[in-house]
Every structure is written in structure tokens, then in C-alpha cells.
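Asks: the sequence and its predicted three-dimensional model are supplied below.
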Amino acid sequence: MIGGIRYIPPMTLHDLGWNERFEEEFAPFTKKGWVPARLIRDNKITYGALTEGGYEYEVVMSGKVYHDASCDAELPAVGDWVALEIGTGDLDHVIRARLSRQTCFSRKAPGKSSEEQVIAANVSLVCVVTDAGTDLNLRRMERFFALIGRSGAKPVVLVNKSDLFPADHNRDAAESIRAICPEAAVMVTSAINGENVSAIRQYLKPGVSITFVGSSGVGKSSLINALLGEEWQEEGEVNEVTGKGRHTTTARELIVLEEGGILIDNPGIREVQMWTDEHTLREKFLDIEALAEQCRFHDCSHGSDAGCVVREAVEIGSLALERYEGFMKLDEEIAKLKKRLKKRNMTLERRAKRDHRVKARNLEDRREYEADLKPRA
């Protein structure tokens, strides 16, 4: 520790993911004496932030940044670049602004809310970790691919814990995932015997950020430890019956590798609720979209409509029933989210208009009060 500041071996802004677009947006803040920093940890009240040279600061958010955010998703999150005012003496180190996100991997917050939950900001790759056993769920993978498509990042899937299953079982699992997302890089891995761990390193280049997501116990922390070559993340014991470990990652954390590359570990994700739009959804179901173009009616709902080619494909077996049902469920979920967001925006607009009227009325009352105080001629 140096003066209460954690010091990490020297690194450049480029090592942290800095680029020309961030540099251009940051220019006005440089004149104010603020420095660029990347958030590596969210401690709920404070954040961990890394600056050029490898200095880690514990920082707080300014009131302006908080009040300027229209929702929680606009508040700083792990992976974000911020303008940081370095405090002197006993003064706090303060986040004065958040830079625009170049990618944002998020989902709808769990429960019945219509809020967006940011999982990782400014990542190049989203690495979904699963296994060939009970965790593998193709409908769930379709949800991940839809969210990744909206984020602007590229998908990578690791079918982990290959040491627990026969080789053909692992191979079939990987092929079934490729079938629903051909653009995804899918690898069979094992942190125990090291299978394909070295292949993951091809993505670990200076400035490239990768976030790991998946269910609890699929081995995300074990893979990260294997990549780091040390026990960075505490691992839980593995149940010999289920093959699952006791998940120990409780908060998101960004890790910069000495040889290059940035990893963001995440707690296990139970619910993969949609935060995307119809366009992105259809991009992930191009096979169904191609069929939909042949439907008798352009606004076919693919349910009970007459002349629906999609439903006919299911009936003759050329389209898997499970994939059709997955598409219909996601489409319905996105439609419901759209309605909730519209309702929420209407509520916010009414609230803003009300607050504006209250402020105007208070200002008028204040003027009248001050006028009454002035001496009369």
C-alpha cells in the first residue's frame, strides 16, 4: 500500500482497454485536472478504480453523477470508464463523470421490475460457461445469445467440466450450441485437466475485456484461476453426485492479467431475463424469420393465424418444437417488457411535469414573498 492506495504492477491505459474514442470524449475533463480510471469493483457504497500506472483507488460517486442518471443502469458499473478527481489529504477520490459505454451486457433485473441491470460495461467478449450435464439448457443459451447480440460484444461458450462426462457427450453438447448460434466460438474445457484452457488465452490480448457468466457452480472461478495460474478466486467444494461446486463469487470484479487481457468474473446468474428488442431477437432466430416471410399475413403472430408457415414447419418436423416454443416465449417476454417500459416512461414524464409545476409555483411564491418585503414608496 502507498498512502492508502493499492499499487498494482505498472500498466498503461491501453492495458486497461483505453482507446481513441474514450480519449476524444475525455478531452474536456483533462482541462479540469481529472484523470481517466476504469471501475474494477462495485462495493455498493464505494467503487474500486484503476488508473494509469496501476494505482487502485477507493472512490465515491458525486451527487451530480447520481442525480443525472435517469435509472440505475445509467449509474457507474464494473467495466465503466470514469473521470476521477483525485482527492488530497482526507478528501475523497470522486467520480465526476461516466464516459459513454461502447458495449453493455445487461439483462432485465430479476423480479417484476422493468429496470435494466448492467452486468459488465465495455467488454469485447461475453464468455458463457456451462457444462454437458444438468446445467445445459439450449433455451437458456438462446436467451444469452439474444442479450449478447444486443450488447455489441461477441459470444464465446465454454462447455466446462469435460472431465466429468464422456467425450461424445461433451461433443454433442458443443454441437447443439453451435447449431443455435453458428457465430459463437464453442469450446469444450476442463479447469481440472487443463483441456482447452490454453485455447482461451488466444482472446487474452492487451486491452481486450472478457466477462464470464453462467450458473453457480459451473466452474467460472476455477477457469479464471487456471488462466491466472494462481488461486485468485476462492473455490467451493464439489458435490460428487451433482458435479457442482459451492459458488463463492459474490460480487463482480475486473482482473487485469499481467500478460495481457482483462477478465470480469460475475456471481452465478439464475434468471436470464430479456433486455433486448424485437430486431435483435429475430437476428438470433434467422431460421424462423425466413419461414415467417412466407406466412400469408405479414403481421402473423405464428400462433393460430391461418396460413402460418412457421407453425406448419413445426407440424411436419422441419422446425423443432422446442426452438419454436423458445422463440414464442422470448417474443412474448419482450412484448411485455416493452409495455412495462412504456408505462414506466409515462409515469416518469408525469412525475417530471408535476415536479416542474411545483418548482414553478414555489418560484412564483418566492417572488411574491420578496416583493412583499420591499418597502413601498
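Replies: Sure, I can see it.
Asks: next SSE downstream of the worst-scoring helix or strand of the chain on mean pLDDT?
Replies: The least trusted helix or strand in the chain, going by mean pLDDT, DSSP states H and E, turns out to be strand 6-7, with a mean of 48. Scanning forward in sequence from strand 6-7 by DSSP states H and E, the next helix or strand is helix 20-30.
Asks: that next one - contacts with which helices or strands?
Replies: On a contact count with 3 or more Cβ pairs under 8 Å, 6 or more residues apart in numbering; DSSP states H and E, helix 20-30 meets strand 35-42, strand 81-85. Placement of C-beta: from N, CA and C, glycine included.
Asks: pLDDT of the longest one, averaged?
Replies: If you average the pLDDT over strand 35-42, you get 95.
Asks: show me what it packs onto, helices and strands only.
Replies: With contacts defined as 3+ Cβ pairs under 8 Å, 6+ apart, the packing partners of strand 35-42 are helix 20-30, strand 47-51, strand 55-61, strand 81-85, strand 253-256.
Asks: hmm, who's touching the fourth one?
Replies: Strand 81-85 is touched from outside by 17-18, 22, 26, 29, 32-39, 49, 51, 57, 59, 76, 93-99, 122, with contacts defined as Cβ atoms under 8 Å, 6 or more residues apart in numbering.
Asks: that one: which residues count as buried?
Replies: Neighbour counts over strand 81-85 (16 or more other Cβ atoms under 10 Å) mark 81-85 as buried.
Asks: and the first one, by the same measure?
Replies: By neighbour count with 16+ other Cβ under 10 Å, helix 20-30 contains the buried residues 22, 26, 29.
Asks: okay if I get the residues you listed as a markdown table plus distance to Gln202?
Replies: As requested, the buried residues of helix 20-30 are exported to a markdown table (distance: Cβ to Cβ, whole Å):
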| residue | distance to Gln202 |
| --- | --- |
| Phe22 | 25 |
| Phe26 | 30 |
| Phe29 | 35 |
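Asks: save those residues as JSON lines, and put in distance to Gly214 and pLDDT too.
Replies: Formatted as JSON lines, the buried residues of helix 20-30 follow (distance: Cβ to Cβ, whole Å; pLDDT from 0 to 100):
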{"residue": "Phe22", "distance to Gly214": "29", "pLDDT": "97"}
{"residue": "Phe26", "distance to Gly214": "33", "pLDDT": "97"}
{"residue": "Phe29", "distance to Gly214": "36", "pLDDT": "96"}
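Asks: among those, which one lies nearest to Gln117?
Replies: The closest of the buried residues of helix 20-30 to Gln117 turns out to be Phe22 (Cβ to Cβ; 23.5 Å).
Asks: how near is the closest one to Val123?
Replies: Relative to Val123, Phe22 is positioned 14 Å away (Cβ to Cβ, to the nearest Å).
Asks: do Ala313 as well
Replies: From Ala313 to Val123 the distance is 36 Å (Cβ to Cβ).
Asks: name the residue in the two with the higher neighbour count.
Replies: A direct count of neighbours by other Cβ atoms under 10 Å for Ala313 and Val123 places Val123 higher, at 29 against 19.
Asks: for the more buried one, list the residues it contacts.
Replies: Applying Cβ under 8 Å, 6+ apart, the residues near Val123 are 79, 103, 105, 151, 153, 209-211, 264.
Asks: now, which of the residues you listed lie within helices?
Replies: Mapping these onto helices (DSSP state H) picks out Ser151.
Asks: okay, strands next: where are they in the stretch 251-377 of the chain?
Replies: Listed in chain order, the strands of the stretch 251-377 of the chain (DSSP state E, counting those that start in this stretch) span 253-256, 262-265.
Asks: who wins for proximity to Ser198 among the ones you listed?
Replies: Of all these, strand 262-265 sits nearest to Ser198, with 15.4 Å by Cβ to Cβ.
Asks: in its sheet, what does that closest one sit against?
Replies: Using DSSP bridges, the strands paired with strand 262-265 are strand 209-214 (parallel), strand 253-256 (antiparallel).
Asks: got a markdown table for these, with mean pLDDT, mean neighbour count and distance to Cys295 too?
Replies: Listed next are these as a markdown table, based on pLDDT from 0 to 100; neighbours: other Cβ atoms under 10 Å; distance: least, Cβ to Cβ, whole Å:
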| stretch | mean pLDDT | mean neighbour count | distance to Cys295 |
| --- | --- | --- | --- |
| strand 209-214 | 91 | 24 | 35 |
| strand 253-256 | 88 | 20 | 46 |
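Asks: I'd like those strands as a markdown table, with distance to His169 appended.
Replies: Below are the strands paired with strand 262-265 laid out as a markdown table (distance: least, Cβ to Cβ, whole Å):
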| stretch | distance to His169 |
| --- | --- |
| strand 209-214 | 18 |
| strand 253-256 | 31 |
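Asks: what's the closest of those strands to Val159?
Replies: strand 209-214 (10.7 Å).
Asks: next, count neighbours for Gly149.
Replies: Going by other Cβ under 10 Å, the residues that sit close to Gly149 add up to 21.
Asks: kindly apply the preceding question to Gly307 instead.
Replies: Count around Gly307 with other Cβ under 10 Å applied: 11.
Asks: domain ranges for this structure, per the record?
Replies: Domain assignment for the chain by automatic domain parsing gives 6-98, 104-265, 277-377.
Asks: what about the second one, how long is it end to end?
Replies: Right, the one you point to is domain 104-265. 15 Å (Cα to Cα, to the nearest Å).
Asks: now stretch 158-178 - C-alpha only, PDB.
Replies: Output of stretch 158-178 as PDB, limited to C-alpha atoms (Å, rounded to 0.1, in the frame of the first residue of the first chain):
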ATOM      1  CA  LEU A 158     -17.200 -23.000 -22.700                       C
ATOM      2  CA  VAL A 159     -18.700 -26.400 -22.200                       C
ATOM      3  CA  ASN A 160     -16.700 -26.900 -18.900                       C
ATOM      4  CA  LYS A 161     -16.000 -29.800 -16.600                       C
ATOM      5  CA  SER A 162     -15.400 -32.100 -19.500                       C
ATOM      6  CA  ASP A 163     -13.500 -34.500 -17.100                       C
ATOM      7  CA  LEU A 164     -16.900 -35.400 -15.600                       C
ATOM      8  CA  PHE A 165     -18.600 -36.600 -18.900                       C
ATOM      9  CA  PRO A 166     -17.800 -38.900 -21.800                       C
ATOM     10  CA  ALA A 167     -16.100 -37.300 -24.800                       C
ATOM     11  CA  ASP A 168     -19.000 -37.900 -27.100                       C
ATOM     12  CA  HIS A 169     -21.400 -36.300 -24.500                       C
ATOM     13  CA  ASN A 170     -19.300 -33.200 -24.400                       C
ATOM     14  CA  ARG A 171     -19.000 -33.100 -28.200                       C
ATOM     15  CA  ASP A 172     -22.800 -33.400 -28.700                       C
ATOM     16  CA  ALA A 173     -23.400 -30.600 -26.200                       C
ATOM     17  CA  ALA A 174     -21.000 -28.300 -28.100                       C
ATOM     18  CA  GLU A 175     -22.500 -29.100 -31.400                       C
ATOM     19  CA  SER A 176     -26.100 -28.400 -30.200                       C
ATOM     20  CA  ILE A 177     -24.900 -25.000 -29.000                       C
ATOM     21  CA  ARG A 178     -23.200 -24.200 -32.300                       C
END
